[in-house]
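Enquirer: predicted model, plus sequence, below.
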Amino acid sequence: MKQQYAWRSLVIAALLAFIGASVILQLLRIQYSPEAQNFREQSALYGRKLETFHPERGAIYDRNGRLLAGSKTVYEVGVDLATARDKEAIAEAVGVVLGRDAGEFYDEMLNPPENLRYLVLADFVEADAAEQLMQLLHSAKEMAEPGQPSRLQGLALDAHPQREYPEKALASNVIGFVSYEGRGYFGVEEKYNSLLAGNAVQVWVPTDPNRASEIPQVSSGTTLVLTIHRQLQSTVEKILDDALSDYGAEHGTIVVMDPRDGAILALASSPRMDLNEFGSYGVIYGNASEFDRAVSMPYEPGSVLKVLTMAAALDSGTVVPSTPFLDTGAIQAGGAIIRNWDNEAWGQQDMVGCLQHSLNVCLAWVAERMGAEAFYRYMNRFGFGHPTGVDLAGEAAGRLKLPGDSDWYPVDLATNAFGQGISVTAMQMLMAVSSVANDGRMVVPHVLRAMVREGRQYSVPVQYAGSPISADTSNTLTQMLAVSLENESSIALVPGYRVAGKTGTAQIPGAYGYEIGVTNASFIGWGPVDDPRFMIYVWLERPSTSIWGSETAAPTFSQVAKETILVLNIAPDSVRNEMARP
Amino acid sequence: MNLQQTGRSLEYLLHAYARTPWRAQRQWLGAALLLVIGLGMTAALYLDVTSQAAIAGRQIQDLRSSIIATELVNADLKSHLAESTSTVSMEARARLLGYEPVEQASLQYLSVPGFFEPEPVVLATAGSLRPSAASMPPEYTESLFDWIGRRLESAMDAGTGVP
């Protein structure tokens, strides 16, 4: 009996051992079979998926942390062709919700590109439309018979961010916009595109939850904090719009800069566009240089350039403020006759009078006396003919003709002295004149105040572009310009604050010489003179109520200066002087 | 003497096994069972750890998805807030409330000792960030004895009402 059990036990043990050995052998056979490679490939294929991570684009803030550019959620609507059960129903649902022809969607689904499993029907669908589609999906699921797929099976919605500009057109010339493809155009969006967008990463992501730690961490784009002051920007834009309307100007530009560090506090240029509606770009702008006229559109500035001619003359020792000049109303220079803006002779003057009355003849005489070599050396030092390096896309370099250039003539020395025959941008003028307001040091204008990355904020240091003139020259010239404004009782003056500045009225060159009866009106000024906190450049193109900068750009400067004083909380000279007393 | 005793014991054992062979079989059976139980326990432990790791991995995947979703919602809310407090909205609301823009001429400046102009905004958040190692739960670093000690300590604290 016992022997019988022993045999049975042995048979069962042998059977189990055989089964175990068979399993192990089969495992080894599969492991080393010719199909093993195929199995490994299939395992690799289903064990991971290729994904492209688009890091969220960095936000843009003003200097006080107000959001200028952020993100909103939009949806990609697509269909999984392999699992779609009722394509007609899907097309109908998407067509009705998006307000488009359902037939188009149906045709797309019936004739998809070869080997395509997932077909994108629409992208950048707004959240409310996506919500409607989600409700339809939910309803279809509820209506489906138990165990059966819904009619909308295969329809999928995928959320992703899209650029949003909560302030719409505010500071649009500075910010620029982002296309559907995620590329920045113009302004900060283009200049800092690679920083803002972060780096898109395409990686194989394991689907095995045991390898979840291998999913890459993709950092968001860098957040930018601009030097722009939102409130001042808004005010300056309103003043510009009013000035265009009041003076009948075709276009205009106003820039407010801190002359101490080159921070652009406000930059308004016309026209502007709602950045959320970037599709209208082609309707609003004729060409790219119109987007931000302050940096992309050089022009002949006219008499505002006399500030720099006088700066060069004072610094080189050619003249002093009291140098006498007898104005006869005309001067011969380079074989041409140069006349004053009013064709009149202003008699005995000193250099303050020359600036006060903006005498072309006097400044041409000063430039001739200084000599071409010294004059153009200073103009080069002021940065004309080169981009300023401002961190905005599309900056133009302007044109400074130099002796030796094929199109330079001796008369150019005289005309350049009062801002004709030279093309500059508003930004170049601001940078050059910042040396006069800033003890001879020239600052590089900039709009980026700081960057925020990985939770840390990095401030952008102030950049200086050299010292083209001495501190003595800058102080002397500032006083001369302040006195000339006061002597003239200019409407550029700001009650309670001493400001310095200069008007400019420039003829506009056309195909056949200068156009008749149209001008570019400009004003550059800064204040308070004893401690400059703002520098303002105003440029009105072709004003029709008056062609003169003193009657159009100067009052606009005064308005902007008053608002800047309010926003920046600058106390009047008397209060500041009293506080400074020990 | 000892050798003799040992020889006797061995003889006794051999005799006993010769009389009762089931003793040897039982030993073999016991060893085999021990092996099977050991393998079973190892397999169970392995399965348990693997399943826990898989569950944790799945949770990580889910959390990552919810982080992305939360970031989208966060960005949406920021944009909505910015839109609600945009210059146009704020000006309209201020006018509705009866405010009007101040004129530069109507301002009076007072000297306030100790007043400093507010500094421009700083958006850095790095101050609140800490290395993840510092917040790692003790279960990942302590030994078995540490764990037992900690559990006992917490049980005693609970018993004595120590907070």
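Expert: Yep, it's here. Numbering: from 1, shown residues only, chains lettered A, B, ... in the order given.
Enquirer: which parts of chain B are helices?
Expert: Here chain B has its helices, by DSSP state H, at B:2-19, B:22-84, B:87-96, B:144-160.
Enquirer: the stretch 451-582 of chain A too?
Expert: Assigned by DSSP state H, counting those that start in this stretch, the helices in the stretch 451-582 of chain A fall at A:471-487, A:553-568, A:573-580.
Enquirer: now check the last one, is it near chain B?
Expert: Put plainly, it is helix A:573-580. Yes: against chain B, helix A:573-580 shows contacts by C-beta under 8 Å from any C-beta of the partner chain at A:575, A:578-579. C-beta coordinates here come from the backbone N, C-alpha and C atoms, glycine included.
Enquirer: quick one: contacts of that helix?
Expert: With contacts defined as C-beta atoms under 8 Å, 6 or more residues apart in numbering or on different chains, helix A:573-580 is touched by A:496-498, A:528, A:530-531, A:571, B:109, B:111.
Enquirer: so who does whichever residue of chain B sits closest to chain A touch?
Expert: Nearest residue of chain B to chain A: residue B:57, at 2.9 Å (C-beta to the nearest C-beta). Contact partners of residue B:57, counting by C-beta under 8 Å, 6+ apart, are A:208-213.
Enquirer: so which of the residues you listed belong to helices?
Expert: Going by DSSP H, the helices hold none of those.
Enquirer: now the buried members of those residues.
Expert: Buried members of the contacts of residue B:57, counted by 16 or more other C-beta atoms under 10 Å in any protein chain shown: A:209, A:212.
Enquirer: within reach of chain B, which of the contacts of residue B:57 are there?
Expert: When contact is defined as C-beta under 8 Å from any C-beta, the contacts of residue B:57 meet chain B at A:208-213.
Enquirer: which parts of stretch A:55-64 are buried?
Expert: For stretch A:55-64, using 16+ other C-beta under 10 Å, the buried residues are A:55-63.
Enquirer: I should have written stretch A:373-387 there, sorry.
Expert: Here stretch A:373-387 shows A:374-376, A:378-379, A:381-385 as buried, counting by 16+ other C-beta under 10 Å.
Enquirer: quick one, strands of the stretch 51-200 of chain A?
Expert: A:60-61, A:67-80, A:118-125, A:155-164, A:177-178, A:184-185 (DSSP state E, counting those that start in this stretch).
Enquirer: for chain B, which of those strands is the nearest?
Expert: With C-beta to the nearest C-beta as the yardstick, what comes closest out of the strands of the stretch 51-200 of chain A is strand A:67-80 (3.7 Å).
Enquirer: export that closest one as PDB, just CAs?
Expert: Below are the C-alpha coordinates for strand A:67-80, written out as PDB (Å, rounded to 0.1, in the frame of the first residue of the first chain):
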ATOM      1  CA  LEU A  67       0.700  91.400 -16.300                       C
ATOM      2  CA  LEU A  68       1.100  92.600 -19.800                       C
ATOM      3  CA  ALA A  69       1.400  89.200 -21.500                       C
ATOM      4  CA  GLY A  70       0.200  85.900 -20.100                       C
ATOM      5  CA  SER A  71      -1.500  82.700 -21.300                       C
ATOM      6  CA  LYS A  72      -5.000  81.400 -21.600                       C
ATOM      7  CA  THR A  73      -6.200  77.800 -22.300                       C
ATOM      8  CA  VAL A  74      -7.400  76.900 -25.700                       C
ATOM      9  CA  TYR A  75      -8.100  73.400 -27.200                       C
ATOM     10  CA  GLU A  76      -7.100  71.300 -30.000                       C
ATOM     11  CA  VAL A  77     -10.100  69.300 -31.300                       C
ATOM     12  CA  GLY A  78      -9.100  66.000 -33.000                       C
ATOM     13  CA  VAL A  79     -10.400  62.600 -33.800                       C
ATOM     14  CA  ASP A  80      -8.900  59.100 -33.400                       C
END
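Enquirer: who are the packing partners of that strand?
Expert: Other elements packing on strand A:67-80 under the criterion 3 or more C-beta pairs under 8 Å, 6 or more residues apart in numbering or on different chains; DSSP states H and E are strand A:60-61, helix A:87-98, strand A:118-125, helix A:127-143, strand A:155-164, helix B:22-84.
Enquirer: now find how far off-centre it is within its chain.
Expert: Put simply, strand A:67-80 sits 22 Å off its chain's centre (C-alpha atoms, centre = their mean, to the nearest Å).
Enquirer: and if you look at stretch A:19-38?
Expert: Using C-alpha atoms, centre = their mean, the offset of stretch A:19-38 from its chain centre is 64 Å.
Enquirer: low-confidence ranges in the chain?
Expert: You didn't say which chain, so I picked chain A. Scanning chain A for pLDDT under 70 picks out A:1-4, A:54, A:199-200.
Enquirer: switch to chain B, that's the one I care about
Expert: Ranges of chain B meeting pLDDT under 70: B:1, B:21, B:126-137, B:141, B:158-163.
Enquirer: let's see it at 90
Expert: B:1-30, B:32, B:49-65, B:67-69, B:71, B:101-163 (pLDDT under 90).
Enquirer: ok, back up a step: got the contacts of residue B:57 as a markdown table, with distance to residue A:506 columns?
Expert: Converted to a markdown table, those look like this (distance: C-beta to C-beta, whole Å):
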| residue | distance to residue A:506 |
| --- | --- |
| A:208 | 71 |
| A:209 | 71 |
| A:210 | 73 |
| A:211 | 68 |
| A:212 | 66 |
| A:213 | 66 |
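Enquirer: any idea which of the contacts of residue B:57 is closest to chain B?
Expert: Nearest to chain B among these, with distances taken as C-beta to the nearest C-beta, is residue A:209, at 2.9 Å.
Enquirer: now the closest one. Nearest residue, chain neighbours left out?
Expert: residue B:57 (2.9 Å; C-beta to C-beta, 6 or more residues apart in numbering or on different chains).
Enquirer: what's the neighbour count on residue A:435?
Expert: Residues near residue A:435, counting by other C-beta atoms under 10 Å in any protein chain shown, number 30.
Enquirer: so where does it fall, helix or strand?
Expert: Assigned by DSSP states H and E, residue A:435 belongs to helix A:426-437.
Enquirer: on contacts alone, who are the packing partners of that helix?
Expert: The helices and strands touching helix A:426-437, judged by 3+ C-beta pairs under 8 Å, 6+ apart, are strand A:251-257, helix A:293-296, helix A:306-316, helix A:471-487, strand A:513-527, strand A:534-541.
Enquirer: got the angle between that helix and helix A:306-316?
Expert: Inter-element angle recorded for helix A:426-437 and helix A:306-316: 40 degrees (by axes from the mean of the first three to the mean of the last three C-alpha atoms, to 10 degrees).
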